[in-house]
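Enquirer: next one to model:
(one chain, ligands or ions: 2)
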Amino acid sequence: MNKNELRKRFKDLRSNMSDLEVRKKSKVIVDKFLSMHGNYEKYLLYYSFNNEVRTIELISHLRKEKKKIYLPILHDDEFYVGEFTDFSEMNENVYGIFEPTEKLNVCEFDVVVVPGLAFDEECYRLGFGKGYYDRFLKSVKRKICVGFAYDFQVVKKLPVDNHDEKLDLIITEKRILGGE
Ligand SMILES: Nc1nc2c(c(=O)[nH]1)N(C=O)[C@@H](CNc1ccc(C(=O)N[C@@H](CCC(=O)O)C(=O)O)cc1)CN2
Ligand SMILES: Nc1ncnc2c1ncn2[C@@H]1O[C@H](COP(=O)(O)OP(=O)(O)OP(=O)(O)O)[C@@H](O)[C@H]1O
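Expert: Residues are numbered from 1 along each chain as shown. Ligands and ions are numbered 1, 2, ... in the order given. From the prediction side, this is the model:
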C-alpha cells in the first residue's frame, strides 16, 4: 500500500473506535509515558482530536506539576507553537483542533510527543500528509521524541521518504517500541 492508501485505511480504523476504547487505551498509554519519563521541564504535546490518543488528562497532569507545555498552532499553513496556559484560553483552528492563542519562538524542548495515523516497528510515522510535523521536527531540538499510538496503528514497515523523521520511542497500550 502507498502512503495515501495507508492514510485512508488508518483514518477509517480510528474513526470506528468507541469513545470508551479511546479513553481506556489512552489512559494506559499516558500512564506508561508518565511512569517512564525523566525529570523534564518543557513538553511539546498535541491537543487530541478525532479519536487520536487522548492528551487532555496528560496536559492537566503536567500543568499541575508546573511543567511548561507547548502545543501546535497552525498559521498560514505553517506549523508554529504556543504555550498552553488554560483550557479556556484556546482557539479552534480550521481543522477543529484547539490551539493556544499566541505564537511563540521556541525551538528547544525536552520532550516532543507526536500523534500519527500509523507507525512502524522502526519508529517511522505516517501523518496527514501535509508535512507539518516532518518539517517542524527538522528545525527543533529535543531530548526525546515520542509517538503515541494505539497498537493497531503499528505496522511492520511503512513506505519511507528521505524527509521522514524517525521517532525515538513509540508507546502503545500493549508495547513500547524503540528506546534501546
Ligand atoms: N491533535 C493534532 N494536532 C495537530 C496535528 C495533528 O495531527 N493532531 N497536526 C499534524 O499535522 C497539525 C494539524 N494538521 C492537520 C492536517 C490535516 C488534517 C486533516 O486532513 N484532517 C482530515 C481527516 C481527519 C480524520 O479523519 O481524522 C480532515 O479534516 O478531513 C488535520 C490536521 C497540527 N496540530
Ligand atoms: N523537511 C521537509 N522539507 C520540505 N518538504 C517536506 C519536508 N518534509 C515533508 N515535506 C513535504 O510534505 C509533504 C508530506 O510529507 P509526508 O507524506 O511524509 O507527510 P506525513 O509524514 O505523512 O505527514 P505530516 O508530517 O504532515 O504529519 C510531502 O509533499 C513532502 O515533500
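
Enquirer: okay, buried residues for the helix ranked longest in the chain please.
Expert: Of all the segments assigned as helix in the chain under DSSP state H, the longest by residue count is helix 19-36. Buried residues in helix 19-36, defined by neighbour count with 16 or more other CB atoms under 10 Å: 22, 25-26, 28-30, 32-33. Using the backbone N, CA and C atoms, a C-beta is placed for each residue, glycine as well.

Enquirer: for stretch 127-138, same thing?
Expert: Buried, per 16+ other CB under 10 Å, within stretch 127-138: 127, 133-134, 136-137.

Enquirer: can you sort out which of those residues also neighbour ligand 2?
Expert: Filtering the buried residues of stretch 127-138 for proximity to ligand 2 by CB under 6 Å from any ligand atom leaves 127, 133-134.

Enquirer: can you put these in a markdown table and add distance to ligand 1, pLDDT and secondary structure?
Expert: What follows is these, written out as a markdown table (distance: CB to the nearest ligand atom, whole Å; pLDDT from 0 to 100; DSSP: H, G, I helix; E, B strand; the rest coil):
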| residue | distance to ligand 1 | pLDDT | secondary structure |
| --- | --- | --- | --- |
| Gly127 | 5 | 96 | coil |
| Tyr133 | 5 | 92 | helix |
| Asp134 | 9 | 90 | helix |
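
Enquirer: dump the worst-scoring helix or strand of the chain on mean pLDDT to PDB, restricted to CA.
Expert: Across the helices and strands of the chain, the lowest-confidence element by mean pLDDT, DSSP states H and E is helix 132-138, at a mean of 91. Provided in PDB are the C-alpha atoms of helix 132-138 (Å, rounded to 0.1, in the frame of the first residue of the first chain):
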ATOM      1  CA  TYR A 132       3.800  19.800   9.100                       C
ATOM      2  CA  TYR A 133       5.500  17.600  11.600                       C
ATOM      3  CA  ASP A 134       8.300  16.400   9.300                       C
ATOM      4  CA  ARG A 135       9.300  20.000   8.600                       C
ATOM      5  CA  PHE A 136       8.800  21.200  12.100                       C
ATOM      6  CA  LEU A 137      10.900  18.300  13.700                       C
ATOM      7  CA  LYS A 138      13.800  19.200  11.400                       C
END
